[in-house]
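S.K.: build me a structure from this.
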Amino acid sequence: MSVATQELVSTTRRPKGPPGIAKALTGISGLDELTSGGLPRGRPTLICGGAGCGKTVLGLEVLVRGATQYGEPGAIFTFEERGDELAANVASFGFDLPGLVAQKKLVVDHVLIDRSEIEETGDYNLDGLFIRLGHAIDAIGAKRVLLDTIEVLFAGFANKEILRSELRRLFRWLKDKGVTALITGERGESTLTRHGIEEYVSDCVILLDLRVQDQISTRRLRVVKYRGTRHGTDEYPFLIGDHGISVLPLSSLLLGHQASTERISSGNSELDRMLGGGYYRGSSIMVSGGSGTGKTSVAACLACTSSRDERAIYFSFEESPAQLIRNMSSIGLNLAGLVKKKRLRIISTRPSGFGLETHLFTIYQAIEEFKPSVVVLDPITDFAPIGNKNEIRAMMTRLVDHLKTKGITALLTSSHGPGAVDGHSSEADAGISSLIDTWIVLQSFEVAGERNRAISVRKSRGTAHSNQIREFVISSRGLSLISTYRDAAGFVVGSAREAQQRHDAGNGGSAINNGPKKPSASPGSP
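M.R.: Numbers count the residues shown, from 1 in each chain. Below is the predicted model of the structure:
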């Protein structure tokens, strides 16, 4: 298999490791894709990081998922927490540790080591631990082993020669047993681990990090080392949620989604005609404009188009569900009825309450649970205070690709300030306008003492769309798009348009066609 072929991994199938490297699937969303098939089978993997970054949770989940999903029993050796404490920890993720122990799919052994009883001598070794480990592995035929945490074994030792010798013996012993081993370790001040030795004798090293910036915490994962195979080397955000750990590396989202030719309505027949028949199903749409231009109204129209067998999710970052329902009822949209019929779900949160990754995975979980055909995010520019442009773009890229892979039509609204030129601001769309299939721009301007709205289609991939700027009216009857009307001075809207139409009609023109009709040439005239 060529390198180019290896890189084209389908997003709908689990990636397979390259020939010669046996791998064990973790069952953790994103981690198997990041490691091209899982952790090295029959070899030790070191999970290191500071306090609270998720080392124990990651190790436990790999063992539990191995036992429940892949038929690989596991042995858990803990040197700090008791078995009942571990059981309580994973119970919050829906894992029944006591039940798995009763079924002999897992064995949990708490090894109590009293530091005061440890004496550093040349004869110190881990033979007793090897006997205990071997008995537990043989008792249930364990294929996976977790040691949490390794520093406790050598808590009272400063002789690095003994440390290195015993660590090498431990890792070699685990390899000889043929088990997929996970060893957790605390991060040192200038090294990946406290002793700075474990990372060198491990076949795979995963570094976890918990950082706080602007009072928002973010967890990051990086595969520092993986002998004998390709792997992602960047930092990737991960979340510890209700169902365990989720990792979504950007590199795993390749452009392999299908492109539907089916059209769906925007919720407005006139806008559908401007778009050449509506939106393509599964496409991404952005509606941008200043405050009060009608972005939410356009988004709500799409959310109301779901049929009996389809659903929509509306993520509102500025209005509560009750407020959104009330406001949209003023233009004839019955969101409350759709919510009652469970065809629409409105989820309102403040972006500043969580980090970008938490929002991303919350959106994923809601989509996985509700299974919508349409998703609206209104507006994405509210994420600006909690991330820079690159971070927001990365988040939106992941989200848009994820929705396209599932064939979900996505509409994102984007706000810009009064300083935007031609209805566009580079900061407003978070740099994602190039990722969007259809871009609709709304404008607000003052003419003859009135503030009026206009709508245009900046781009719409794969379709012949209108290049006109149409007057855009929001009323109790909904949204109306009025044909372009121009006089000698240019584009005319609002009451000025109505007055000009009456004037032109009175001078032999038409209320539909722009301008007065030219008089017929008289006989004999040049």
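S.K.: what about Ala142, neighbour count?
M.R.: Neighbours of Ala142 under the rule other Cβ atoms under 10 Å: 25. Every residue, glycine included, has its C-beta placed from N, CA and C.
S.K.: just Glu391 next, same as before
M.R.: When counting by other Cβ under 10 Å, one arrives at 17 neighbours for Glu391.
S.K.: same check, this time on His416
M.R.: His416: 22 surrounding residues under other Cβ under 10 Å.
S.K.: quick check, it in contact with Ser288.
M.R.: Yes - His416 lies in contact with Ser288 (Cβ atoms under 8 Å); the separation is 6.4 Å.
S.K.: give me the most central residue, this protein.
M.R.: Nearest to the mean C-alpha position of the chain, by Cα atoms, centre = their mean, lies Leu360 at 3.9 Å.
S.K.: how far away is that residue from Asp382?
M.R.: Leu360 sits 14 Å away from Asp382, going by Cβ to Cβ, to the nearest Å.
S.K.: repeat for Ala464
M.R.: From Ala464 to Asp382 the distance is 34 Å (Cβ to Cβ).
S.K.: what's the answer for Gly49, then?
M.R.: Using Cβ to Cβ, Gly49 is found at 31 Å from Asp382.
S.K.: more neighbours, these two?
M.R.: Using other Cβ under 10 Å, the more surrounded residue of Gly49 and Asp382 is Gly49, with 24 against 19.
S.K.: who's in contact with the spatially closest residue to that one that is not a sequence neighbour?
M.R.: Excluding the flanking residues, the one nearest Gly49 by Cβ to Cβ, 6 or more residues apart in numbering is Leu208, at 3.5 Å. Neighbour list for Leu208: Ile47, Cys48, Gly49, Gly50, Cys53, Gly54, Lys55, Leu58, Arg219, Arg220, Leu221, Phe238 [criterion: Cβ atoms under 8 Å, 6 or more residues apart in numbering].
S.K.: surely the fourth one touches Gly185?
M.R.: No - with contacts counted by Cβ under 8 Å, Gly50 stays clear of Gly185, the gap being 10.8 Å.
S.K.: shaky segments in the stretch 151-300 of the chain?
M.R.: 153-160, 188-197, 213-216, 249-256 (pLDDT under 70).
S.K.: strands of that one, start to end?
M.R.: Using DSSP state E, counting those that start in this stretch, the strands of the stretch 151-300 of the chain run over residues 180-186, 204-213, 216-226, 236-241, 244-247, 263-264, 279-280, 284-289.
S.K.: dump those into TSV; add distance to Asp272 as well.
M.R.: Shown next, in TSV, are those (distance: least, Cβ to Cβ, whole Å):
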stretch	distance to Asp272
strand 180-186	54
strand 204-213	44
strand 216-226	41
strand 236-241	38
strand 244-247	37
strand 263-264	8
strand 279-280	8
strand 284-289	13
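S.K.: of these, which approaches Glu270 most closely?
M.R.: Closest approach to Glu270 among those is made by strand 279-280 (14.1 Å; Cβ to Cβ).
S.K.: residues in contact with the closest one?
M.R.: For strand 279-280, the external contacting residues (Cβ under 8 Å, 6+ apart) are 259-266, 285, 302, 409, 437-438, 462-463.
S.K.: and for stretch 465-477?
M.R.: Contacts to stretch 465-477, defined as Cβ under 8 Å, 6+ apart, come from residues 270, 273-276, 293-294, 297, 330-332, 442-443, 452-457, 459, 479-485, 491, 493-494, 497.
S.K.: show the end-to-end separation of that stretch, please.
M.R.: With Cα to Cα, to the nearest Å as the measure, the first residue of stretch 465-477 is 25 Å from its last.
S.K.: now do stretch 397-413
M.R.: 15 Å.
S.K.: show me what counts as buried in that stretch.
M.R.: Buried residues in stretch 397-413, counted by 16 or more other Cβ atoms under 10 Å: 398-406, 408-413.
S.K.: just to revisit the earlier point, which pLDDT value belongs to the residue nearest to the centre of the chain?
M.R.: Per-residue pLDDT puts Leu360 at 82.
S.K.: regarding it, what is its secondary structure?
M.R.: Using DSSP: H, G, I helix; E, B strand; the rest coil, the structure places Leu360 in helix.
S.K.: flag the shaky bits of the protein, pLDDT-wise.
M.R.: 1-20, 113-125, 153-160, 188-197, 213-216, 249-256, 353, 417-431, 447-448, 484-526.
S.K.: got the domain ranges for it?
M.R.: For the chain, the structural domains run 20-247, 263-446, going by automatic domain parsing.
S.K.: Throw those domains into JSON lines and include distance to Val473, thanks.
M.R.: Below are those laid out as JSON lines (distance: least, Cβ to Cβ, whole Å):
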{"stretch": "domain 20-247", "distance to Val473": "41"}
{"stretch": "domain 263-446", "distance to Val473": "9"}
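S.K.: just the element for the closest residue to Leu271 other than its chain neighbours, please.
M.R.: For Leu271, ignoring the flanking residues on the chain, the nearest one in space by Cβ to Cβ, 6+ apart is Leu481 at 6.2 Å. Using DSSP states H and E, Leu481 sits in strand 478-482.
S.K.: what separation do you get for the residue nearest to Gly49 and Cys48?
M.R.: Leu208 sits 7 Å away from Cys48, going by Cβ to Cβ.
S.K.: which neighbours do these two have in common?
M.R.: What both Leu208 and Cys48 touch, as defined by Cβ under 8 Å, 6+ apart, is the set Lys55.
S.K.: distance of the closest residue to Gly66 other than its chain neighbours relative to Cys204?
M.R.: Excluding its sequence neighbours, the residue lying closest to Gly66 (Cβ to Cβ, 6+ apart) is Glu72, at 4.2 Å. According to Cβ to Cβ, Glu72 and Cys204 sit 17 Å apart.
S.K.: for those two, indicate the residue with more neighbours.
M.R.: Using other Cβ under 10 Å, the more surrounded residue of Glu72 and Cys204 is Cys204, with 24 against 21.
S.K.: check which helix or strand covers the closest residue to the more buried one other than its chain neighbours.
M.R.: Among residues not flanking Cys204 along the chain, Thr45 sits closest, at 4.1 Å (Cβ to Cβ, 6+ apart). Per DSSP H and E: Thr45 is located in strand 44-49.
S.K.: which stretches of the stretch 401-526 of the chain form strands?
M.R.: Assigned by DSSP E, counting those that start in this stretch, the strands in the stretch 401-526 of the chain fall at 409-415, 438-447, 450-460, 470-475, 478-482, 486-487, 490-491.
S.K.: the ones you listed: which one's closest to Ile346?
M.R.: Ranking the strands of the stretch 401-526 of the chain by their distance to Ile346 (criterion: Cβ to Cβ) puts strand 409-415 first, at 14.2 Å.
S.K.: so what strands line up beside the closest one?
M.R.: Partner strands and pairing direction for strand 409-415 (DSSP bridges) are strand 284-289 (parallel), strand 374-378 (parallel).
S.K.: can you redo the strands of the stretch 401-526 of the chain as JSON lines with distance to Tyr200?
M.R.: JSON lines is the format used below for the strands of the stretch 401-526 of the chain (distance: least, Cβ to Cβ, whole Å):
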{"stretch": "strand 409-415", "distance to Tyr200": "46"}
{"stretch": "strand 438-447", "distance to Tyr200": "51"}
{"stretch": "strand 450-460", "distance to Tyr200": "53"}
{"stretch": "strand 470-475", "distance to Tyr200": "65"}
{"stretch": "strand 478-482", "distance to Tyr200": "65"}
{"stretch": "strand 486-487", "distance to Tyr200": "75"}
{"stretch": "strand 490-491", "distance to Tyr200": "70"}
